[in-house]
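1. Need the 3D shape of this:
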Amino acid sequence: MLHHPLLALLVRGDAAKDLEILVLRHQLAVLRRQVSRPKLEPADRALLAALSRALPRPRWSCFFVKPDTLLRWHRRLVAGAWTYPHRQPGRPPLDEQLQQLIVHLATDNPRWGYQRLQGELLRLGVQVSATAIRTTLRRHRLDPAPRGIPTTWRAFLRQQAAGILACGFFTVDTVWLRRLYVLFFIELDSEGAGCS
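-> As a prediction, the model looks like this:
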């Protein structure tokens, strides 16, 4: 069983305690004259800081350090008790091979945005958030939005011809002075006239 000098004080009588405290204070005064700055270990600081909280402030003159020092040690003691392990905020970075795949897909398909890239990766069985894809593209100095290639109206119409209809409207007066209204539609893909 360990016997600590402070624990031994608890079992002694009041008169013996008072006498021992007087001796210890005198020895402390002698040591203060010889040692300018005592070397303390972390356990010493923790013990003195904890004892200072139990001792009334007017009695802090028995400590060989300033009250500000005791308060600083106590703040560190409390902060250490409430400190949790630090970890980097946010999601962990993507695997290097996955980043290279994202960059490769974005480079080969400059019109795909990060949401399209997310869908294509999902088809490959790789689940990545659109935000992570956008962050990866920005890190590699690629624009995360679809990078537009200048397109002429002619090229646009040729690409979209299958889904574009042209319409027209005109009137015809008959010999009996009746007016007919004509509305017509032409599918550009079959005619090709609107694409040239």
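2. In the protein, which helix is the longest?
-> If you go by DSSP state H, the chain has its longest helix at helix 14-34.
3. Output stretch 74-81 in CSV with nothing but the alpha carbons.
-> Output of stretch 74-81 as CSV, limited to C-alpha atoms (Å, rounded to 0.1, in the frame of the first residue of the first chain):
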residue,chain,number,x,y,z
HIS,A,74,-6.1,25.0,-12.9
ARG,A,75,-7.5,26.3,-16.2
ARG,A,76,-5.1,23.9,-18.0
LEU,A,77,-6.2,21.1,-15.7
VAL,A,78,-9.9,21.7,-16.5
ALA,A,79,-9.2,22.1,-20.2
GLY,A,80,-7.2,18.9,-20.3
ALA,A,81,-10.1,17.0,-18.7
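4. show me where this protein has helices.
-> Along the chain, counting by DSSP H, helices occupy 5-11, 14-34, 42-54, 67-81, 96-108, 114-123, 130-139, 153-160, 188-191.
5. Most tightly packed of the ones you listed?
-> helix 130-139 (a mean of 18; mean count of other CB atoms under 10 Å). Just so you know, the C-beta spots here come from the backbone N, C-alpha and C atoms, and that holds for glycine as well.
6. burial measure for Leu124, as a count.
-> 9 (other CB atoms under 10 Å).
7. give me phi/psi at it?
-> Backbone geometry at Leu124, expressed as degrees, to the nearest 10, gives phi -80, psi 0.
8. Make residue 1 into 36 and carry on from there
-> Fine by me, first position is 36 from now on; the one you just mentioned is Leu159.
9. Distance of it relative to Phe205?
-> With distances taken as CB to CB, to the nearest Å, Leu159 is found 53 Å from Phe205.
10. if we can go back for a sec, could you point out which of the helices of the chain sits nearest Leu212?
-> For those, the distance to Leu212 is smallest for helix 223-226, at 33.1 Å, taking CB to CB.
11. show me what contacts Leu75?
-> Leu83 (CB atoms under 8 Å, 6 or more residues apart in numbering).
12. Quick check: the gap between it and Val113.
-> The spacing between Leu75 and Val113, counted by CB to CB, is 18 Å.
13. Leu200 now?
-> Where Val113 is concerned, Leu200 sits at a distance of 76 Å (CB to CB).
14. One more: Leu106?
-> 11 Å.
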